[in-house]
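A.B. asks: Following is a predicted model, sequence given first.
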Amino acid sequence: VVLQGGMTADATASPPRFQLALGTQDSDLGGLAEFLLGARGIKGHLGRLDLKLAASGDQVSELARSLDVHLKVEKGKFSYGNVEGGRSVNFTLNNFAVSLPAGKTLSGKMQGNLLEHPFSANLRAGALEPMMLGTRSPMDFSLKSGQVSVNIQGLLQAPTADAGPELKFAIAAPRAGEMASWFGFTPGAEAPLKLSGKATARTTEWRLSDLVFQLARSSINATLARTGITSQPLVKVRLSAEQIDVRELESLIPKSDKPASSEGPVLDIPILPQGISLSDADIEVRIKNFAGSPLEVGDLSFDGRIRQGFMHPSQFRATVGGTAFSGALSLDLRGAEPSAGLWLFANNLDVGALMRDLKAIGSQNAASDRPRGLTTRSRMNAVEKAYEAYRSDGVLPATHEIVFGQAWGAVERRDRESEFAFPVSGIGRRKAEL
């Protein structure tokens with residue numbers, strides 16, 4: 001970056017004084033972001049930059065205490081996340097001004113655009129000398145984007161093995177859809193949303209604790225941490241909730257046509273320059289009640305351990321339709337198409353109620369020659385009687401298979417308005433698209 005300006009010094013003054021003014025227009029950012037702010041991976045273009053420095057004194061310590069800094073940026077177009085394994089996230093700064101008067105605290109204002117959302121923000125931080133000495137410095141940041149509000153407060157410090165930044169944050173929006181491009185929510189989601197918690201970072205780990213995620217009637221408490229950053233990363237997740245409204249959460253998650261990642265399971269948040277890999281993760285879930293579900297489900301507890309994209313059978317417990325179930329779940333997330341295994345056990349199972357509940361969630365017989373009429377009471381009683389013959393040690397075996405597939409073939413007939421029939425032998429391979 002070519003900087004132009006001038007410097008004046010007055011050695012005859014007591015104490016000696018100097019001033020420096022530098023600036024550039026219509027220039028690439030180059031390495032200025034890392035040089036001035038210590039921020040890696042930021043690239044972009046500057047419409048205008050002005051930097052003014054002033055200080056007085058005979059000693060370096062005097063110069064540091066008296067240093068007066070003013071930085072101003074206009075019409076900047078940038079991106080962050082330009083590092084190995086990262087992705088570019090675009091933002092603009094129409095106006096960015098920071099003042100750090102000698103011996104006083106830092107203050108700044110900015111206006112810009114982040115992932116197509118205009119914003120304005122204010123920043124306050126500590127004095128320059130503590131920052132230069134590496135001690136903790138207070139920070140207060142607030143941002144507004146439409147009706148979305150973001151507040152971050154805490155202490156800043158360069159991360160070490162034992163110390164680092166400690167921040168509290170709170171994010172709120174009257175409609176979750178307003179944060180769609182930042183967090184990947186459905187653009188039209190109407191439920192009000194709040195997210196708050198604490199963030200800490202060290203050289204070997206980062207941690208989000210005391211997380212509270214509120215979406216209308218749903219409230220989730222969580223802890224999320226990533227350890228072993230410099231060696232073998234491991235993500236630890238703990239979720240607990242008194243109630244989760246299934247329909248509310250479904251309205252928040254957009255339908256995706258993207259193919260599964262070949263790199264395994266990843267928690268992808270657009271505002272972050274990197275996804276959070278769950279290929280190696282310990283997951284603990286405790287949920288008291290699920291609302292808005294066709295099945296009455298509650299008292300869910302689950303502990304899973306994923307290593308290299310595979311989760312060995314992990315125990316869970318839940319109450320479904322008034323019946324206490326226990327079992328295990330396995331997941332293989334290493335391929336393009338994830339696969340799962342499920343084992344269920346229950347005592348004193350009401351077979352009729354279970355079959356009705358399974359039908360309510362869409363489990364059904366898809367054979368073309370299946371009976372089309374309602375199941376009679378006598379037939380249901382016969383099924384229950386036959387099923388009871390398999391009870392062993394007070395337990396009935398139950399399996400439920402989830403099959404997903406895609407096929408192409410010539411339709412022989414249309415059975416009903418929304419059903420088509422064709423023989424398995426008619427399924428062929430789709431021709432490759434040129």
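C.D. replies: Happy to help now that I have it.

A.B. asks: Could you list the low-confidence segments of the stretch 201-350 of the chain?
C.D. replies: Applying pLDDT under 70 to the stretch 201-350 of the chain flags residues 230, 256-264, 336, 348-350.

A.B. asks: elements contacting the lengthiest helix in the chain?
C.D. replies: As assigned by DSSP state H, the longest helix anywhere in the chain is helix 377-388. In terms of contacts (3 or more C-beta pairs under 8 Å, 6 or more residues apart in numbering; DSSP states H and E), helix 377-388 is packed against helix 351-360. Where C-beta positions appear, they are placed from N, C-alpha and C, glycine not excepted.

A.B. asks: and residue 52, what does it touch?
C.D. replies: With contact set as C-beta atoms under 8 Å, 6 or more residues apart in numbering, residue 52 has these partners: 19-22, 68-71.

A.B. asks: Let me know the helix or strand that it is in.
C.D. replies: strand 43-56 (DSSP states H and E).

A.B. asks: can you pull the buried residues of that strand?
C.D. replies: 43-44, 46-47, 49-56 (16 or more other C-beta atoms under 10 Å).

A.B. asks: Now those residues in a markdown table, please, with extra columns for pLDDT and distance to residue 30.
C.D. replies: Formatted as a markdown table, these follow (pLDDT from 0 to 100; distance: C-beta to C-beta, whole Å):
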| residue | pLDDT | distance to residue 30 |
| --- | --- | --- |
| 43 | 91 | 9 |
| 44 | 92 | 10 |
| 46 | 92 | 9 |
| 47 | 93 | 15 |
| 49 | 92 | 11 |
| 50 | 94 | 16 |
| 51 | 92 | 14 |
| 52 | 94 | 20 |
| 53 | 92 | 19 |
| 54 | 92 | 25 |
| 55 | 90 | 25 |
| 56 | 90 | 30 |
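
A.B. asks: ok, those vs residue 161, which is closest?
C.D. replies: Closest approach between the buried residues of strand 43-56 and residue 161, by C-beta to C-beta: residue 43, at 30.2 Å.

A.B. asks: surely the closest one meets residue 78?
C.D. replies: Yes. Residue 43 lies in contact with residue 78 (C-beta atoms under 8 Å); the separation is 6.7 Å.

A.B. asks: Overlap of the contact sets of these two?
C.D. replies: Joint contacts of residue 43 and residue 78 (C-beta under 8 Å, 6+ apart) are residue 29.

A.B. asks: Report pLDDT for residue 430.
C.D. replies: The model reports residue 430 with a pLDDT of 45.

A.B. asks: Mind checking what secondary structure the most centrally placed residue in the chain has?
C.D. replies: For the chain, the residue sitting closest to the mean C-alpha position, by C-alpha atoms, centre = their mean, is residue 269 at 4.3 Å. Recorded secondary structure, residue 269: coil (DSSP: H, G, I helix; E, B strand; the rest coil).

A.B. asks: residues contacting it?
C.D. replies: 182-184, 275-276.

A.B. asks: from what I can see residue 179 touches residue 193, true?
C.D. replies: Yes. Contact criterion C-beta under 8 Å: residue 179 and residue 193 qualify, at 7.1 Å.

A.B. asks: Please enumerate the shared neighbours of those two.
C.D. replies: The contact sets of residue 179 and residue 193 overlap at 171, 173 (C-beta under 8 Å, 6+ apart).

A.B. asks: Can you show me the strands along the stretch 151-300 of the chain?
C.D. replies: Secondary structure of the stretch 151-300 of the chain, counting by DSSP state E, counting those that start in this stretch: strands at 166-173, 193-201, 205-215, 218-227, 234-245, 266-267, 276-277, 281-291, 297-307.

A.B. asks: how about the second one: buried residues?
C.D. replies: What that stands for is strand 193-201. 193, 195, 197, 199-201.

A.B. asks: same question, the third one
C.D. replies: Within strand 205-215, the residues that qualify as buried are 205-208, 211, 213, 215, counting by 16+ other C-beta under 10 Å.

A.B. asks: Export those as CSV, with columns for distance to residue 316.
C.D. replies: Listed next are the buried residues of strand 205-215 as CSV, based on distance: C-beta to C-beta, whole Å:
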residue, distance to residue 316
205, 27
206, 28
207, 25
208, 24
211, 22
213, 21
215, 23
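
A.B. asks: and these, which two are the farthest apart?
C.D. replies: Maximum distance among the buried residues of strand 205-215 (C-beta to C-beta): 27.9 Å, for 205 and 215.

A.B. asks: quick one, phi/psi of the closest residue to residue 137 other than its chain neighbours?
C.D. replies: Nearest residue to residue 137, sequence neighbours excluded (C-beta to C-beta, 6 or more residues apart in numbering): residue 126, at 3.3 Å. Dihedral angles of residue 126 (phi, psi; degrees, to the nearest 10) stand at phi -80, psi -180.

A.B. asks: what about residue 126, distance to residue 27?
C.D. replies: Separation of residue 126 from residue 27 (C-beta to C-beta, to the nearest Å): 30 Å.

A.B. asks: same question, residue 218
C.D. replies: 48 Å.

A.B. asks: Repeat that for residue 156.
C.D. replies: Separation of residue 156 from residue 27 (C-beta to C-beta): 29 Å.

A.B. asks: Check residue 242 too.
C.D. replies: From residue 242 across to residue 27, the span is 55 Å (C-beta to C-beta).

A.B. asks: Of these two, give the one with the bigger neighbour count.
C.D. replies: The neighbour comparison of residue 242 against residue 27 (other C-beta atoms under 10 Å) goes to residue 27, with 16 against 12.

A.B. asks: now the strands of the stretch 151-300 of the chain as CSV including distance to residue 341?
C.D. replies: What follows is the strands of the stretch 151-300 of the chain, written out as CSV (distance: least, C-beta to C-beta, whole Å):
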stretch, distance to residue 341
strand 166-173, 37
strand 193-201, 33
strand 205-215, 29
strand 218-227, 26
strand 234-245, 21
strand 266-267, 22
strand 276-277, 22
strand 281-291, 17
strand 297-307, 13
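
A.B. asks: Can you say which of those strands is nearest to residue 331?
C.D. replies: strand 297-307 (7.2 Å).

A.B. asks: what angle separates the following helix or strand past the closest one from strand 281-291?
C.D. replies: Tracing the chain C-terminally past strand 297-307 and defining elements by DSSP H and E, one meets strand 310-320 next. Angle, strand 310-320 to strand 281-291, by axes from the mean of the first three to the mean of the last three C-alpha atoms, to 10 degrees: 20 degrees.
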